[in-house]
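Participant: Coordinates for the following, if possible.
(one chain, ligands or ions: 3)
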Amino acid sequence: MKCNIEYIGKSRQGITKYYCTAHKSFAYDKLGNKLDECLWSNKEIYDTRLNIKQNEIKDINIKYENILESVIPKITINNNEYSGVLEYNDSILTYKDFGGIMLAKLNNIPLEIVKCSHCGRYHSDNGQFAYTPHRTHLCLYCGHLFRAKERNIGSELAMIYTIPEIKLKDKLLKIDNYCCVEYDMLKGNLLINNQNVNKVLFEGKELNIVEFLNNLLANEF
Ligand SMILES: [Zn+2]
Ligand SMILES: [Zn+2]
Ligand SMILES: [Zn+2]
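Facilitator: Ligands and ions are numbered 1, 2, ... in the order given. Okay, here's the model as predicted:
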């Protein structure tokens, strides 16, 4: 799928901003020049689409093979590996949205229905925005900022599925240079190197699993 790049206005510093509505990503450089292609790195995932209104989804698993090396997870849907996006009405959902759900649930954040006042599409928060309630949201469909009535966090997946809390055991796990994170979204299970733990010992520091994953995925929005 080709980029569809549109001018979306100027930043406070007066830099012209461009946005790709095909890949939910910015498309301008530091000086405000329009790029030929947007900044989304793996555009091919948008070529495969699964309509979740027409297909029953029994499980969605995301697996970060080694989250210390790559924050792009493998997706398994109904026991089949899947490398596309999910579609539902006007929503197009990617692995970043799945990661956002994991973070919001780990942080015990209530997920709300948030709608862009500019384009009317619903909103999902990912990366640091999935655990930091905010009033000004960046719509990933049209690239415009919009204001909610109160600070909140949006999720389109939580509008469709009941997503359970993640229950963690009070246990510490030492992590060296390999950290596999598996999240079963519709069951609410989270495993770190195949174990259910709430703390890790990493680089000599004991970290709560929530802050550990918050930090690793902060920029995945
Ligand atoms: Zn693009
Ligand atoms: Zn919008
Ligand atoms: Zn937001």
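Participant: And the residue of the chain closest to ligand 3?
Facilitator: Scanning the chain for proximity to ligand 3 using CB to the ion identifies His137 as nearest, at 3.3 Å. The way it works is simple: take the backbone N, C-alpha and C, and place the C-beta from them, glycine included.
Participant: That residue belongs to a strand?
Facilitator: Yes: when classified by DSSP: H, G, I helix; E, B strand; the rest coil, His137 is found to be part of a strand.
Participant: and it, what is it in contact with?
Facilitator: Residues in contact with His137, defined by CB atoms under 8 Å, 6 or more residues apart in numbering, are Val114, Cys116, His123, Asp125, Phe129, Leu145, Phe146, Arg147, Ala148, Gly154.
Participant: From Tyr18, how far off is it?
Facilitator: In this structure, His137 and Tyr18 are 19 Å apart, going by CB to CB, to the nearest Å.
Participant: Redo the contacts of His137 as JSON lines? Include distance to Glu165 and pLDDT.
Facilitator: As requested, those are arranged in JSON lines below (distance: CB to CB, whole Å; pLDDT from 0 to 100):
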{"residue": "Val114", "distance to Glu165": "21", "pLDDT": "98"}
{"residue": "Cys116", "distance to Glu165": "28", "pLDDT": "97"}
{"residue": "His123", "distance to Glu165": "22", "pLDDT": "98"}
{"residue": "Asp125", "distance to Glu165": "18", "pLDDT": "97"}
{"residue": "Phe129", "distance to Glu165": "20", "pLDDT": "97"}
{"residue": "Leu145", "distance to Glu165": "31", "pLDDT": "95"}
{"residue": "Phe146", "distance to Glu165": "29", "pLDDT": "97"}
{"residue": "Arg147", "distance to Glu165": "29", "pLDDT": "97"}
{"residue": "Ala148", "distance to Glu165": "24", "pLDDT": "96"}
{"residue": "Gly154", "distance to Glu165": "18", "pLDDT": "97"}
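Participant: If any of those residues are buried, put those into a ChimeraX selection.
Facilitator: Here is the ChimeraX command that selects only those of the contacts of His137 that count as buried (16 or more other CB atoms under 10 Å):
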select :114,116,123,125,129,146,148,154
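Participant: Can you sort out which of the contacts of His137 also neighbour ligand 2?
Facilitator: Among the contacts of His137, the ones lying near ligand 2 by CB under 5 Å from the ion are Cys116.
Participant: Which ones among the contacts of His137 map onto strands?
Facilitator: With strands defined by DSSP state E, the entries of those inside them are Leu145, Phe146, Arg147, Ala148.
Participant: Among those, which one sits closest to ligand 2?
Facilitator: Where the ones in strands among the contacts of His137 are concerned, and distances follow CB to the ion, ligand 2 has its nearest neighbour in Phe146, at 6.7 Å.
Participant: ok, the nearest residue to that closest one once chain neighbours are set aside - how many residues close by?
Facilitator: Taking CB to CB, 6 or more residues apart in numbering, and ignoring the residues beside it in sequence, Phe146 has Ser117 as its nearest neighbour in space, at 4.5 Å. By other CB atoms under 10 Å, 12 other residues sit near Ser117.
Participant: burial count for Thr132?
Facilitator: For Thr132, the neighbour count with other CB under 10 Å is 15.
Participant: Alright, calling it a day.
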